[in-house]
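> Prediction below, plus the sequence it came from.
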Protein chains: 4
Amino acid sequence: MAGRNHLYVPGPTNIPDEVLSAMHVPSEDHRSPIFPELFKPLLEDLKKVFKTETGHSFIFPATGTAGWEIALTNTLSPGDKVLIYRFGQFSHLWAAMAKRLGFEVIVIERPWGEGIPLDDLEARLKEDGQHEIKAILATHNETATGVTSDIGGVRKAMDAAGHPALLFVDGVSSIASIDFRMDEWGVDGAISGSQKGFMLPAGAALVAFSQKAIAACDTAQSRRAFLDLKDQLASNKDGYTPYTPSIPMLYGLRKALDLLLAEGLENVYARHYRLAEGTRKAIAAWGLELCAKPGFESNTVSAVVVPAGKDARDVIATAYSKYNISLGAGLNEVAGKVFRIGHVGDMNDVSMLGAIAGVEMALLDNGFDIKAGSGVAAAIEYYRTTA
Amino acid sequence: MAGRNHLYVPGPTNIPDEVLSAMHVPSEDHRSPIFPELFKPLLEDLKKVFKTETGHSFIFPATGTAGWEIALTNTLSPGDKVLIYRFGQFSHLWAAMAKRLGFEVIVIERPWGEGIPLDDLEARLKEDGQHEIKAILATHNETATGVTSDIGGVRKAMDAAGHPALLFVDGVSSIASIDFRMDEWGVDGAISGSQKGFMLPAGAALVAFSQKAIAACDTAQSRRAFLDLKDQLASNKDGYTPYTPSIPMLYGLRKALDLLLAEGLENVYARHYRLAEGTRKAIAAWGLELCAKPGFESNTVSAVVVPAGKDARDVIATAYSKYNISLGAGLNEVAGKVFRIGHVGDMNDVSMLGAIAGVEMALLDNGFDIKAGSGVAAAIEYYRTTA
Amino acid sequence: MAGRNHLYVPGPTNIPDEVLSAMHVPSEDHRSPIFPELFKPLLEDLKKVFKTETGHSFIFPATGTAGWEIALTNTLSPGDKVLIYRFGQFSHLWAAMAKRLGFEVIVIERPWGEGIPLDDLEARLKEDGQHEIKAILATHNETATGVTSDIGGVRKAMDAAGHPALLFVDGVSSIASIDFRMDEWGVDGAISGSQKGFMLPAGAALVAFSQKAIAACDTAQSRRAFLDLKDQLASNKDGYTPYTPSIPMLYGLRKALDLLLAEGLENVYARHYRLAEGTRKAIAAWGLELCAKPGFESNTVSAVVVPAGKDARDVIATAYSKYNISLGAGLNEVAGKVFRIGHVGDMNDVSMLGAIAGVEMALLDNGFDIKAGSGVAAAIEYYRTTA
Amino acid sequence: MAGRNHLYVPGPTNIPDEVLSAMHVPSEDHRSPIFPELFKPLLEDLKKVFKTETGHSFIFPATGTAGWEIALTNTLSPGDKVLIYRFGQFSHLWAAMAKRLGFEVIVIERPWGEGIPLDDLEARLKEDGQHEIKAILATHNETATGVTSDIGGVRKAMDAAGHPALLFVDGVSSIASIDFRMDEWGVDGAISGSQKGFMLPAGAALVAFSQKAIAACDTAQSRRAFLDLKDQLASNKDGYTPYTPSIPMLYGLRKALDLLLAEGLENVYARHYRLAEGTRKAIAAWGLELCAKPGFESNTVSAVVVPAGKDARDVIATAYSKYNISLGAGLNEVAGKVFRIGHVGDMNDVSMLGAIAGVEMALLDNGFDIKAGSGVAAAIEYYRTTA
């Protein structure tokens, strides 16, 4: 099809042209004397994005899924108890992984559309007087439902319960897009990936761990090798890596970090809020609802519920085949029930208006009872008065 | 500003990612034995785009402006009479160039917003019984006003008058986007550039000349060297160039031609018509008018007239600084009176809807009395029912 | 420093310009309906490079190190006995990993410079009448010493002993460069990475497993999640991946496979042999010796032993800082004793002559008793008479 | 053929990877308010490379050939007398162009292999008491024969004769590689192109003119339009261009200027001298001779004379087809008699040693009586003792 594909899946996200060009580099010896001049500042600047001064950041040649495993196997021993709320495909998958890796997983079901219930968490932690729960697995932004949980609130609940569990946060689709404060919130393991807010291809698990988590590596009995944190630490301290890194990814990350830090993280968060809010205005103007319940709306992805009798997959198929727009599908329990509009990464007002207009066409084509231009009009009014 | 720039000037146009990657090539010896395997098919495929089988195509390392000069100095002698209708900045510049190059230029003023008046042309040619007019300079698509003239009609007028003048056509912003038929219309010199419908950076004058024009080179007394057609012909016949070509441009042209021919020229024209027509629906919905008078509407660029009391430059400035949209300015006589939306090259429905939405915001911000979403709604209805 | 860096480390290797350009692509939805059109043929063509028709190929977003772990944890259970010969840094690391992952590792020390002793292997397997050894870990090409072992011979030894152990082969620096025949040699797990013969950046573990190995997944008790083969199989059968892939790597792999298959694998092997043999002629002309003992010489990397009293690190430092040549260092037991010249991947005769000339300069600068031009002369004579 | 092409033609030269990546940019509005932030510093930094503070620099979307024409037609009138020494293909072509453009050209033949004879020039200028000669056309570096003339000496000869002619210098293959001093030498028009020392693709004529030359534009009667200096001046003063520029070329030029100025022009000259001198040592070791007579040797290209009975074209063909090395051919009077090795642009010691080794192979293959390794040995000794 002529013209560019319009990519609004919630990851992998659009890669800025500058980042793609920065990745277009010849191969390079990763053991050269000058390699650390590239690598060390990456780790330092990553810490700024994670907002940690006391923790360590890591770049694994892997993905966010590996990030989940890194947190679990480096700090825990088989049979250790971990607690996770399950309210979407990605919290589901993390819980499933934890079981496969031999942990005793307390999975608490929540409606898909809600996030972590802070009171419930506090109560459960208070009940755990023996501190058998060794880690809380918290999904900051559930990409499948467009739900953001309150991680600062999670920390408060833990503190209120005086509970010493490690706090691991899946920030794959939040970090670098939505407010995240590792040190302030006492996050022990922050897990992200390169292909969302970092505006890179998939292929790097970007993670950070607290000193407490690092210390836990010494006693953790879970077996690991490729994903071992201590191997990384040992090499990283001199500016090297334990095995061959992707040179293009490192240069891409350099440029992406430059862009994020030049814009300013608070501005990045504010931009994502505005882009999301405009999208939400459009969805409301169409008379449709978010999957996310009030208070849980995500600023990186909106999952839109289709009315009974409609199949969200038809909207997605029309958008793709007729208009060259890529939208996210509903996964697992919400398959067919929602379609998802990503508003994360290298986006601005006009990008989102293109998405909204395109979705309008696909909705109209599929017999949705909406007025042409209504969503765009609502978003336009919001964007132009808040720019 | 975050997110990509949205480029809707009528040139240089958006370059497809595939073309940019095709241009990312190492340097290469342009005198190697395999160079002709690249170069010769380019000339052949260019002829397909110009729709000529009997003419010759050329790739000059220059721009469309050079193309104008190539036509004039290779075929004419100082003092030769040429006729041109002036109805926009680019026909103005071509006329001015012809004067500077020593020709006797009959410049016929027409309102900016109209194109070549066929009856007037026929009458003038009939009056020229001595055939003193040696060439007609016809601006196929006047980029400044968004006006397309009827070149087939020009040929008919010339034939009706039995006039032997050479017919030179400025197709910089039409060829590869708007129906163009060199052989059928008896065009003697077709002039284009790389940076519009060919979806490349500026830097190549893409031109084609009829056998009649080529023959005229032998008697033309105008001095030329760098822009000499015969030098090109002599080298091109073996697949080489008389001076060093831009290797990236040649590979980019290869890819651009592949894209155009794979889509099919008729489909390319139809796509440009649809994109333009949707834009025109939006403009009408806003209650604004085109600079182009009915029958002259261009499918590559729409020049929109702002009402008295408004300055089009304000719309453009707002669009750029607040929304990262690049629009075309009014030039010369229409400066401040029009802004221009390019819908040429690597574009599709959603691209245009982004543009239209962005322009709506800029219009509203500048106090235009339009309804938010109205233009987008009109375009949406058109696009989705004609896709 | 002016001019390009000359990269002769044995990985990451030089990336052909065509591959880099192929990787310069916009982001793309990895769940789109057309994604399988890209992905499925990659798996099929990978099988051609591994030379397997009955096995399965896999692309993990990880590295060769992960490949080692994939083989072990997907097919074995903690406590299982595995046998490995240790004769270089990479066989050392694989053995160490196997221990960390909970296996009972029989590590047999061999001189660094030799490879797998086939008679010894056969004898040990015959001794293991109870078939307690569940897997043989064979390092096809020990990158640290420039030693290639005879994997066909390993299979023969196993067959002679009638031993049913799984055969896992580290082919990170051999596959796609040195003759490798998965099916013919009965290899159960073939492990490679993207950054050597595949001429890509690091970031993909390219592996293939036999049906026997796949079947072993069902009983293997080792815990794994990110590196699980069955998760890949389940997604791959429909042309998708279980988690987000690196889109640029997939397009790069497409181009790299195209290049390898167009050249022809036998020609690729022959080219690597020639490049290596010319390098060896040069080394001999300098009066220096390979680390590899006769019969074990690698066609992808030559580790050159420096005489007593010299430190190979000085040669490497001079080459890098004075001549912008990157050579491989000696690792672990051979640190300071060898430097390594990689002749793997996107290389040809003139590339190697540049390397040889550069090394000559560094040797002369460091007081080695060699004659300027001697190594180059020997290589020239070899290359030009065998081209 | 596997592995990269080794490009040693004296232009187009190798483009540094950083420059190619800098050129990989999306399209951009060349009339945007921020465009001058890119464009103006380019003109300023170009002046540094030309070493002029009082002149004006220009970037034409054309080639070096156009640069010759720009100098002639902007400053002279038809019939004006110009003087040029002809001693190679490029001085030949410039002389021929001047004739075609209507000037009275005094062509003084010199042996191909020599440069401008300063005494002869002074004598001729002294004879021209009426100052009928309006311009001297001086080829600084004759690329066809590898001959560099003394432009400072030309100025001295002119001054000694008290002659007011304009001094135009073809520095296409010297500027940015060989010492050039526009202001100090009183050069009125300095002509270069992007594809040699500037390490870019062809496609930009990079030129600079003195105030005296600019003043001459006002009286020059030669017709010009596309190549008009005053049109450029008028637009450039605000940071714009009179017609659409190639955006990638401008970004590429930005990066190339950054590289040149970071290395330092004196260092760039010294590097080219060393690379050339090493090449000359090799040529001497082979017992072959330069086309350039002593004192005229070029630091950007060496034209090597083959002995009677040999055809240089065979050497070039072997180098290309058997070893993937691109060498320059002999042109016109020296066709078949010389082959040319370019040592200009993005080159370093090891690059040149690859070239020398490759040429050795091609010479040996063609039965030249040389000793394998002899040229490389001579160059190695030179390079390593002067690095």
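Noted; the coordinates are in hand.
> Tell me which residues touch A:Asn236, please.
Each residue near A:Asn236 by CB atoms under 8 Å, 6 or more residues apart in numbering or on different chains is listed here: A:39, A:43, A:56, A:58. Bear in mind the C-beta positions are built from the backbone N, C-alpha and C, glycine included.
> closest point of the stretch 101-250 of chain A to chain D, which residue?
As assessed by CB to the nearest CB, chain D sits closest to A:Pro248 within the stretch 101-250 of chain A, at 10.9 Å.
> for that residue, phi and psi?
With angles defined as degrees, to the nearest 10, A:Pro248 sits at phi -60, psi -40.
> same thing with A:Ile341?
Per degrees, to the nearest 10, the backbone of A:Ile341 is at phi -110, psi 120.
> again, but for A:Val207
phi -130, psi 160.
> So what pairs up with it in the strands?
Beta-bridge pairing for A:Val207 (DSSP bridges): A:Phe58, A:Ile191.
> Let me know how buried it is, in neighbour terms.
The number of residues packed near A:Val207 is 33, by other CB atoms under 10 Å in any protein chain shown.
> so who does A:Asp346 touch?
A:Asp346 neighbours (CB under 8 Å, 6+ apart): A:13-16, A:199, B:2-4.
> my read is it is in a helix, agree?
No. Using DSSP: H, G, I helix; E, B strand; the rest coil, the secondary structure at A:Asp346 is coil, not a helix.
> Now for A:Ala202: which residues touch it?
A:Ala202 neighbours (CB under 8 Å, 6+ apart): A:11-12, A:63, A:193-195, C:30, C:61, C:243-247.
> Chain A against chain D: which residues are in contact?
Applying CB under 8 Å from any CB of the partner chain, we find that chain A lies next to chain D at A:17, A:20-22, A:24-26.
> Narrow the contacts of A:Ala202 to those in helices?
Cross-referencing those against helices under DSSP state H gives C:Ile247.
> hang on, the earlier thing: which residues touch the residue of the stretch 101-250 of chain A closest to chain D?
Going by CB under 8 Å, 6+ apart, A:Pro248 touches A:23-25, C:23, C:201, C:248.
> again, 6 Å this time
A:23, A:25, C:201 (CB atoms under 6 Å, 6 or more residues apart in numbering or on different chains).
> For it, give its distance to A:Ala95.
34 Å (CB to CB, to the nearest Å).
> what does A:Asp238 give?
To A:Ala95, A:Asp238 is 37 Å away according to CB to CB.
> I'd like to know how far A:Leu327 sits from A:Ala378.
19 Å.
> ok, the two, which is more surrounded?
Ranked by neighbour count (other CB under 10 Å), A:Leu327 and A:Ala378 place A:Leu327 first, with 26 against 22.
> Quick check: that one touching A:Ile316?
Yes. Counting by CB atoms under 6 Å, A:Leu327 does reach A:Ile316; the two are 4.9 Å apart.
> Quick check: neighbours shared by the two?
Common neighbours of A:Leu327 and A:Ile316 (CB under 6 Å, 6+ apart) are A:Phe339.
> which SSE is A:Ile106 in?
strand A:104-109 (DSSP states H and E).
> Follow the chain on from that strand and name the next helix or strand.
The C-terminal neighbour of strand A:104-109 among helices and strands, as given by DSSP H and E, is helix A:118-127.
> how about that next one: buried residues?
A:118, A:121-122, A:124-125 (16 or more other CB atoms under 10 Å in any protein chain shown).
> counting contacts, what elements does it pack onto?
Applying 3 or more CB pairs under 6 Å, 6 or more residues apart in numbering or on different chains; DSSP states H and E, one finds that helix A:118-127 contacts helix A:151-160.
> Could you list every helix and strand that the very next helix or strand once past the helix it packs on packs against?
For helix A:151-160, the following helix or strand on the C-terminal side (DSSP H and E) is strand A:166-170. Counting contacts by 3+ CB pairs under 6 Å, 6+ apart, strand A:166-170 packs against strand A:133-139, strand A:189-193.
> for the record, mean pLDDT for strand A:166-170?
Mean per-residue pLDDT for strand A:166-170: 98.
> what are the pairing partners of it, and which direction each?
Strand A:166-170 is paired, per DSSP bridges, with strand A:133-139 (parallel), strand A:189-193 (parallel).
> Just give me the residue closest to the centre of chain A.
Geometric centre of chain A, nearest residue: A:Ser173, 1.5 Å, by CA atoms, centre = their mean.
> where does it sit relative to A:Arg340, distance-wise?
11 Å.
> who touches both of these two?
By CB under 6 Å, 6+ apart, the residues touching both A:Ser173 and A:Arg340 are A:Pro10.
> pLDDT value on the residue nearest to the centre of chain A, please?
98.
> One more: A:His343?
98.
> That one: what's it in contact with?
A:275-276, A:279, A:352.
> Can you name the two of those residues that sit furthest apart?
A:Ala276 and A:Met352 (8.8 Å; CB to CB).
> Phi and psi next, for A:Lys196.
According to degrees, to the nearest 10, A:Lys196 has phi -120, psi -110.
> any idea how far it lies from C:Ser27?
11 Å.
> Looking at the two, which is more packed in?
A:Lys196 (30 against 24).
> can you pull the contacts of that one?
Contacts for A:Lys196 (CB under 6 Å, 6+ apart) come out as A:11, A:13, A:173, A:344.
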